[in-house]
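> Below are the sequence and a predicted model for it; my questions follow.
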Amino acid sequence: MCRLISRLSHYADIESFELENVEAFSSDYIGIKVYQILSDWLFENNPVKLFYWDWADHSDATHYIKKLKNPALTAVCENLSIRESTMGVRTIKEKRQALYEHYAAVWKESMKRRGVKYE
């Protein structure tokens, strides 16, 4: 304890100051940026894995659904059991719409679990 107090006394004469034109840095946004980088990487390299995430925001999922092209779209639908035999989807447009509906339902259920009322 005495060592700590003696070390602190070395800095007793130093005045603190604030730098001008410096933005405050918060680590709160790092997680969001890392999440975005990771999701962009997965979109290019493994879109099937990307669509198994628990999306915090429905718009994130729909953003990637809009960009999803065949054969990745077909692979995602197959892995989510969205098939012609189960859902009657044949065309790309029908697959994309089924995927939108799937994630809308998943997101609503997720919000319900979190106690958020969603109309």
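That came through fine. Numbering: from 1, shown residues only.

> Just give the number of residues close to residue 18.
Residue 18 has 5 neighbouring residues, counting by other C-beta atoms under 10 Å. (C-beta placed from N, C-alpha, C; glycine too.)

> And it, how close does it get to residue 28?
21 Å (C-beta to C-beta, to the nearest Å).

> likewise residue 85?
Where residue 28 is concerned, residue 85 sits at a distance of 45 Å (C-beta to C-beta).

> cool, residue 115 as well?
According to C-beta to C-beta, residue 115 and residue 28 sit 22 Å apart.

> next one: residue 106
With C-beta to C-beta as the criterion, residue 106 and residue 28 are 26 Å apart.

> who's more crowded, these two?
Set side by side, residue 106 and residue 28 show more neighbours around residue 106, with 17 against 7, by other C-beta under 10 Å.

> host element of the more buried one?
For residue 106, the enclosing helix or strand under DSSP states H and E is helix 92-113.

> Just the buried positions in that helix, please.
95-96, 98-99, 102-103, 106-107, 110 (16 or more other C-beta atoms under 10 Å).

> Which positions in the host helix or strand of residue 34 come out as buried?
Secondary structure from DSSP H and E places residue 34 in helix 28-45. For helix 28-45, a neighbour-count test (16+ other C-beta under 10 Å) marks 39, 42-43 as buried.

> Nearest to residue 77 among those?
Each of these was scored against residue 77 by C-beta to C-beta, and residue 43 proved nearest at 15.7 Å.

> contacting residues for the closest one?
By C-beta atoms under 8 Å, 6 or more residues apart in numbering, residue 43 lies in contact with 50, 64, 67-68.

> Low-confidence regions, this structure specifically.
1-17, 24-25, 54-56, 118-119 (pLDDT under 70).

> quick revisit: for the buried residues of helix 28-45, give me JSON lines that also has distance to residue 58.
Formatted as JSON lines, the buried residues of helix 28-45 follow (distance: C-beta to C-beta, whole Å):
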{"residue": "39", "distance to residue 58": "14"}
{"residue": "42", "distance to residue 58": "18"}
{"residue": "43", "distance to residue 58": "17"}
